[in-house]
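Enquirer: predicted structure and sequence below. I'll ask about it afterward.
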Amino acid sequence: MCSGVLFLRPDKSVSLRAVWGKYIPKILLCLGVWAVLYEGFDLLRRAYSGGVGWIDVTAAAKRLLTFNTHFHLYYLYIVLLVYALVPLLRDLLAVLSPRRMGYLLALWATVGLVFPFLRQFYPFTQLTGIPLQYPLNMTWSAAGYCILGHVLATHPLRRHWALLLSGTGFVCIFCGTAWLSLSRGALSGVFFEGMTPAVAMLAAGIFSLCCSLTPGRSFAAVTRYLSRASFCIYLSHDFFNIILRHFGFTTAVIHPILSAPMSVALVLLGSLGIHLLLSHLPWVKKWLI
């Protein structure tokens, strides 16, 4: 959604040359380097625990060559596709009337969010044939969030509607997860996956509320710094999740009301420390964080 605000606004020029000569190469480079770092970190952990063999090294190389990289880097693969679509999305939005824009978002919500979600429940699990091919794949559906961010930034929701939307989304996620997890006997992530209706509602509501904020000078300075550091935080944060688990610190150590925010704070501080170090290296700052 933030990418939609930045890349789809009419006053910004986004050429094919810029997309394929600047944005996509940077993401590919980040993906490659950080994937290697995570594999190397995993090999070091194995070496510390009991030794690393040639099989472990070849398995790591195979994962890299087949794009089976560290799990959280999936977002970069999605970003590559979204960036490739940006020039086409800009041309499309330039000729759409507000009514057609609403229709486009409604169609995206139907085949990209609602239908894939409902397919996991009876009686939709009984569907066969061509209708099973109607839903948008998650990676293609991400472009819909890009458009939604642009629309909400140019036509912001009133604050009470944004609060209602985010509140409804949260309640649906929380109650749906509790119900499904209890009925299945294990935690279910169906209701809080990114391409689901309730998550889209929560995201759109929070996004709209953030767009309506007028932060003070000190708060704005903090948010600007966190914004500049956010990509590095995303890339490096799971190193610290792994380290915390290695030392036995999980949300099960104490009540999650305490352990969850403590974990977030520790991971955030560690990731900010990585950003502080790497931001002093000009080439790394420009291309890798």
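Expert: Received it, and whenever you're ready, just let me know what you need.

Enquirer: tell me which residues are up against stretch 43-58.
Expert: Residues from elsewhere that reach stretch 43-58 (C-beta atoms under 8 Å, 6 or more residues apart in numbering): 60, 242, 246. The C-beta positions use only the backbone N, C-alpha and C, and glycine is treated the same way.

Enquirer: in the chain, which residue is most central in space?
Expert: Y75 (5.6 Å; C-alpha atoms, centre = their mean).

Enquirer: quick one on the thing from earlier: possible to save the contacts of stretch 43-58 as CSV with neighbour count, secondary structure and pLDDT?
Expert: Listed next are the contacts of stretch 43-58 as CSV, based on neighbours: other C-beta atoms under 10 Å; DSSP: H, G, I helix; E, B strand; the rest coil; pLDDT from 0 to 100:
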residue, neighbour count, secondary structure, pLDDT
A60, 20, helix, 95
I242, 14, helix, 94
H246, 11, helix, 89
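
Enquirer: distance to G102 for those - can I get that in a markdown table?
Expert: Shown next, in a markdown table, are these (distance: C-beta to C-beta, whole Å):
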| residue | distance to G102 |
| --- | --- |
| A60 | 48 |
| I242 | 44 |
| H246 | 49 |
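
Enquirer: closest to T223 out of these?
Expert: Closest approach between those and T223, by C-beta to C-beta: I242, at 27.9 Å.

Enquirer: against F41, how distant is that closest one?
Expert: The gap separating I242 from F41 is 7 Å, by C-beta to C-beta, to the nearest Å.

Enquirer: kindly report the same for Y145.
Expert: 30 Å.

Enquirer: who's more crowded, those two?
Expert: Y145 (24 against 15; other C-beta atoms under 10 Å).

Enquirer: just the helices in the stretch 51-200 of the chain please.
Expert: Taking DSSP state H, counting those that start in this stretch as the test, the helices found in the stretch 51-200 of the chain are 54-65, 74-95, 98-108, 115-118, 138-154, 159-184, 197-211.

Enquirer: tell me which of those helices lies nearest to F231.
Expert: helix 74-95 (10.1 Å).

Enquirer: buried set for the closest one?
Expert: 76, 78-80, 82-83, 85-87, 89-90, 93 (16 or more other C-beta atoms under 10 Å).

Enquirer: sorry, back to before: which of the contacts of stretch 43-58 sits closest to S218?
Expert: The nearest one, if we look at those relative to S218 and count by C-beta to C-beta, is I242, at 33.8 Å.

Enquirer: give the contact list for the residue nearest to the centre of the chain.
Expert: Y234.

Enquirer: distance of it relative to C30?
Expert: For Y75, the distance to C30 - C-beta to C-beta - is 11 Å.

Enquirer: one more: H280?
Expert: 18 Å.

Enquirer: could you name the helices and strands sitting against the helix or strand where F239 lies?
Expert: Using DSSP states H and E, F239 sits in helix 217-246. The contact analysis (3 or more C-beta pairs under 8 Å, 6 or more residues apart in numbering; DSSP states H and E) places helix 217-246 against helix 24-49, helix 256-278.

Enquirer: would you turn those helices into CSV with mean pLDDT and distance to T196?
Expert: Output for these, formatted as CSV (pLDDT from 0 to 100; distance: least, C-beta to C-beta, whole Å):
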stretch, mean pLDDT, distance to T196
helix 24-49, 94, 25
helix 256-278, 95, 22
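
Enquirer: between these, which one is nearest to G189?
Expert: helix 256-278 (16.3 Å).

Enquirer: other residues contacting that closest one?
Expert: The contact list for helix 256-278 (C-beta under 8 Å, 6+ apart) reads 229, 232-233, 236-237, 239-241, 243-244, 249-253, 284-285, 288-289.

Enquirer: list the buried residues of it.
Expert: Within helix 256-278, the residues scored as buried using 16+ other C-beta under 10 Å are 262-263, 267, 270-272, 274-275, 278.

Enquirer: then stretch 100-119?
Expert: In stretch 100-119, counting by 16+ other C-beta under 10 Å, buried: 101, 104-105, 108-109, 111-117.

Enquirer: hmm, which two among the residues you listed are most spread apart?
Expert: M101 and F117 (23.0 Å).

Enquirer: next one: stretch 2-13 to chain centre, how far?
Expert: Centre-to-centre, stretch 2-13 and its host chain are 18 Å apart (C-alpha atoms, centre = their mean, to the nearest Å).

Enquirer: and if you look at stretch 15-29?
Expert: On C-alpha atoms, centre = their mean, the centre of stretch 15-29 falls 19 Å from the chain's centre.
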